[in-house]
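Enquirer: everything below, folded, please.
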Amino acid sequence: MTLLDPVWTSLLYLAAAVFFILALRGLSSPRTARRGNLIGAFGALLAVVTVFLSARLDNIPWIIGAIAVGTAVAAPVARRVKMTQMPQLVALFNGVGGGAAALVALLELSHTGDPWVRLAIVFTLLVGAVSFAGSGVTFAKLQELMTTRPVVFPGLPVVMAAVLLAAVGAGVAVVLTGSLPLAVLLMVLGLAAGALLVLPVGGADVPIVISLLNAFTGLAVAASGVVLGNVLLVVAGTLVGASGTILTRAMAAAMGRSVAGILFGAFKGGSTAGSTAVSERPVRSSSAEDVAVLLGYAQRVIIVPGYGLAVAQGQHTAAELALALEARGIEVDFAIHPVAGRMPGHMNVLLAEANVPYESLKEMGEINSEFRTADVVLVVGANDVVNPAAKTSSGSPIYGMPILEVAEARQVIFLKRSMRPGFAGIENDLLYEPQTSLLFGDAKDSLAKVLGAVKAL
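Expert: Numbers count the residues shown, from 1 in each chain. Model prediction:
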């Protein structure tokens, strides 16, 4: 006996699906992202409650206990995670989702003899396992538990091909026989394929792979919906798969590269890798007071935030500096590159957290034509996204990536901790140009000193 009849169940599932769609719409803009998250969370809650009221569930105490344990672990982690570690958290979420879908499919194998359902089970097992293992490797790379450089070895393409062929063979056998041991073998092969897929990817490309794996997880969840006969899972998984695919393509386009080049570029030396090399070429350094004078007597200032700002947690100081300059009648904007930071929207969220007005956040396509009118561009913790090598050096790993046209400004100030290159592992020739000065130090401390000097003018 259930509390909801099929009609009400379908209507509530439809309502939950609408909430998911509205959530994606809200997440498309920093201004509405918080509301989008809340709408999506409410849709998920509605879906879970509907399952409890409409399905004949066994082991309800175990189910409730698992939910309680998951909540007790996830809520504190989500609240305490730093903005700079958000991509790692997203990678873990991706992996858990894919792994859960694969385990559910494995358990359902013994409950069906339908070859079409078995085909959905095979797809879920393979793709979910790839997402789980790949997400684990991306987490390790971003958390620097392993090298961020591409990990390759002789014969890697051959090994990858062999694993995939073995997975296809095991999948066909599972569809034909329903063998549980072969299904377990298929999942193991999927785990190996996921790890081999991500290991050759360099550190700067890992965020794009996270988005791709997110799409994989969505597809695995959609297939598990077919296995379980749950339409809402199919809808939700399809939405995640589609949005993850769109985001992956958008991020790749923002870097001027193909998804295939990102995944397999290391085989021919084309993936971004990261470097610790430091140039010995001379640069012009400045003091906080010198930077304050340039800023304080400018008419137009553009601030370019990057991952270094996020690491230093200097967003509030940057926002306060912008307010101090605006109080002097200076026009101030923030230029946002699509892949600044570790994920799309990273800088938008970071600056919104510091109450920077959304109107001051200008995307690359909007702000690029305005750099030539800027008296000063203040680059805080960014490097690759303003590197002219993306336009001038055909052998560069970032060649073809659209960049912020900082070099066109009258004066450029870089706030850097050191001369160490960015994730791409290459020098930024803009650092050595005559209009460029560098202020060395922690981004937050440097911004605080510049802010104090501006107020003292």
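
Enquirer: what does the domain assignment say about this protein?
Expert: Domains of the chain are assigned by automatic domain parsing as 81-268, 288-456.

Enquirer: now these in TSV, with distance to Phe20?
Expert: Every residue, glycine included, has its C-beta placed from N, CA and C. TSV is the format used below for these (distance: least, Cβ to Cβ, whole Å):
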stretch	distance to Phe20
domain 81-268	6
domain 288-456	19
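
Enquirer: let's have those in TSV, adding mean pLDDT.
Expert: Below are these laid out as TSV (pLDDT from 0 to 100):
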stretch	mean pLDDT
domain 81-268	88
domain 288-456	88
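
Enquirer: please identify which of the ones you listed is closest to Thr9.
Expert: When these are compared by Cβ to Cβ, domain 81-268 sits nearest Thr9, at 9.6 Å.

Enquirer: Thr148 in helix, strand or coil?
Expert: coil (DSSP: H, G, I helix; E, B strand; the rest coil).

Enquirer: tell me how far it lies from Leu213.
Expert: 17 Å (Cβ to Cβ, to the nearest Å).

Enquirer: and for Gly229?
Expert: Per Cβ to Cβ, Gly229 is found 26 Å from Leu213.

Enquirer: which strand or helix spans the most centrally placed residue in the chain?
Expert: Centroid check for the chain by Cα atoms, centre = their mean gives Met343 as the closest residue, at 3.5 Å. For Met343, there is no helix or strand it lies in under DSSP states H and E.

Enquirer: could you shift the numbering so residue one becomes 45, and keep it that way?
Expert: That works, and once the first residue is 45, the last one we named lands at Met387.

Enquirer: thinking again about what came up before, among Thr192 and Leu257, which residue is more densely surrounded?
Expert: The residue with more neighbours, out of Thr192 and Leu257, is Leu257; 31 against 22, by other Cβ atoms under 10 Å.

Enquirer: look up how far Phe86 lies from Gly350.
Expert: In terms of Cβ to Cβ, Gly350 sits 35 Å off from Phe86.

Enquirer: neighbour count winner among the two?
Expert: Gly350 (25 against 15).

Enquirer: distance of that one relative to Val383?
Expert: 10 Å.

Enquirer: now do the shared contacts for those two.
Expert: The overlap between the contact sets of Gly350 and Val383 (Cβ atoms under 8 Å, 6 or more residues apart in numbering) consists of Val429.

Enquirer: run through the residues that contact Leu459.
Expert: Counted by Cβ under 8 Å, 6+ apart, Leu459 has contacts 352, 422-425, 482-483, 485, 487, 490-491.

Enquirer: adding neighbour count and secondary structure, write those residues out as JSON lines.
Expert: Shown next, in JSON lines, are the contacts of Leu459 (neighbours: other Cβ atoms under 10 Å; DSSP: H, G, I helix; E, B strand; the rest coil):
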{"residue": "Gly352", "neighbour count": "23", "secondary structure": "helix"}
{"residue": "Leu422", "neighbour count": "31", "secondary structure": "strand"}
{"residue": "Val423", "neighbour count": "29", "secondary structure": "strand"}
{"residue": "Val424", "neighbour count": "28", "secondary structure": "strand"}
{"residue": "Gly425", "neighbour count": "27", "secondary structure": "coil"}
{"residue": "Leu482", "neighbour count": "20", "secondary structure": "strand"}
{"residue": "Leu483", "neighbour count": "21", "secondary structure": "strand"}
{"residue": "Gly485", "neighbour count": "17", "secondary structure": "coil"}
{"residue": "Ala487", "neighbour count": "26", "secondary structure": "helix"}
{"residue": "Ser490", "neighbour count": "23", "secondary structure": "helix"}
{"residue": "Leu491", "neighbour count": "28", "secondary structure": "helix"}
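
Enquirer: show me the strands in the stretch 295-444 of the chain, by range?
Expert: 344-349, 375-380, 405-407, 420-424 (DSSP state E, counting those that start in this stretch).

Enquirer: most packed of the ones you listed?
Expert: strand 420-424 (a mean of 28; mean count of other Cβ atoms under 10 Å).

Enquirer: with only the CA atoms kept, save that one in PDB.
Expert: This file holds the C-alpha atoms of strand 420-424, laid out as PDB (Å, rounded to 0.1, in the frame of the first residue of the first chain):
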ATOM      1  CA  VAL A 420      45.700  51.300 -15.700                       C
ATOM      2  CA  VAL A 421      45.000  47.600 -15.700                       C
ATOM      3  CA  LEU A 422      45.600  45.800 -12.300                       C
ATOM      4  CA  VAL A 423      46.200  42.100 -12.800                       C
ATOM      5  CA  VAL A 424      45.700  40.300  -9.500                       C
END
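
Enquirer: counting by contacts, list what that strand packs against.
Expert: Packing partners of strand 420-424 (3 or more Cβ pairs under 8 Å, 6 or more residues apart in numbering; DSSP states H and E): helix 332-340, strand 344-349, strand 455-460.

Enquirer: repeat the analysis, applying 7 Å as the threshold.
Expert: Packing partners of strand 420-424 (3 or more Cβ pairs under 7 Å, 6 or more residues apart in numbering; DSSP states H and E): strand 344-349, strand 455-460.

Enquirer: using TSV, lay out the ones you listed together with distance to Gln187.
Expert: Shown next, in TSV, are these (distance: least, Cβ to Cβ, whole Å):
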stretch	distance to Gln187
strand 344-349	22
strand 455-460	23
